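Trainee: all I have is the shape, not the residue letters:
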């Protein structure tokens, strides 16, 4: 039995537990090296997975296979102002903006504007079906591995890249963009 004095001492001065040291299978230096390697690998993966083309960077020079099977060579866009519009048939904002894209192409195409609508749809047949029901003359393509690697991940639709005559990105915009804003930026570059 405990005495009153012992109970008082325990109540005022509780015993502190000292944590046990966990035995490690790896020496400290090896663990530090593994942690550093893991951090570097994660940083590289995060950069590669999230690297989007930014304003001020040169856009990739790509030959683009159109849904018609025709090839749009990179040289055909040299010296042109280019709008790369990433869209999908399931995106209502993209569908609503297509007539505006066609109007911009009709108005500024003779002055050196090229619009390429790059579909993010999984099935080419969905894009062909949509395109066959409209009188658009825009270039339309499916996103290829080369386009994905060159432009990085597309995090929303529509996404617009406006390239100047030297192929440098002057505007990257995700989401709805008013016709006047895009048109004024195009006019600045023409």
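Mentor: Structure's in. What do you need? Keep in mind it's a predicted model, so treat the numbers as computed, not measured.
Trainee: point to the helix or strand of the protein where mean pLDDT is at its lowest.
Mentor: None of the helices or strands of the chain scores lower by mean pLDDT, DSSP states H and E than helix 28-50, at a mean of 48.
Trainee: so where is this protein shaky, pLDDT-wise?
Mentor: For the chain, the stretches with pLDDT under 70 are 1-50.
Trainee: which residues of it fall in strands?
Mentor: 64-65, 71-72, 81-87, 113-119, 139-142, 159-163, 169-174 (DSSP state E).
Trainee: contacts for the second one?
Mentor: So the one you mean is strand 71-72. Contact with strand 71-72 is made by 63, 64, 65, 66, 116, 139, 141, as judged by Cβ atoms under 8 Å, 6 or more residues apart in numbering. To be clear about C-beta, it is placed using only N, CA and C from the backbone, and glycine gets the same treatment.
Trainee: what sits against residue 157?
Mentor: Residue 157 touches 86, 87, 88, 91, 93, 94, 120, 174, counting by Cβ under 8 Å, 6+ apart.
Trainee: for residue 144, same thing?
Mentor: If you count contacts by Cβ under 8 Å, 6+ apart, then residue 144 has 64, 65 around it.
Trainee: how close does it get to residue 99?
Mentor: According to Cβ to Cβ, to the nearest Å, residue 144 stands 26 Å off from residue 99.
Trainee: do the same with residue 148
Mentor: 27 Å.
Trainee: can you check residue 130 too?
Mentor: 13 Å.
Trainee: more crowded one of the two?
Mentor: Neighbour count, other Cβ atoms under 10 Å: between residue 130 and residue 99, residue 130 has more, with 18 against 12.
Trainee: state the number of residues packed around the residue lying closest to residue 51 once chain neighbours are set aside.
Mentor: Among residues not flanking residue 51 along the chain, residue 152 sits closest, at 4.9 Å (Cβ to Cβ, 6 or more residues apart in numbering). Per other Cβ under 10 Å, the neighbour tally for residue 152 reads 16.
Trainee: am I right that residue 57 is in contact with residue 170?
Mentor: No. Residue 57 lies out of contact with residue 170 (Cβ atoms under 8 Å); the separation is 10.3 Å.
Trainee: more neighbours, those two?
Mentor: Neighbours were counted for residue 57 and for residue 170 using other Cβ under 10 Å; residue 170 has more, 17 against 12.
Trainee: now do the contacts for the more buried one.
Mentor: Neighbours of residue 170 in contact, by Cβ under 8 Å, 6+ apart: 55, 162, 163, 164, 185, 189.
Trainee: who wins for neighbours among these?
Mentor: Most neighbours among those, by other Cβ under 10 Å: residue 162, with 24 neighbours.
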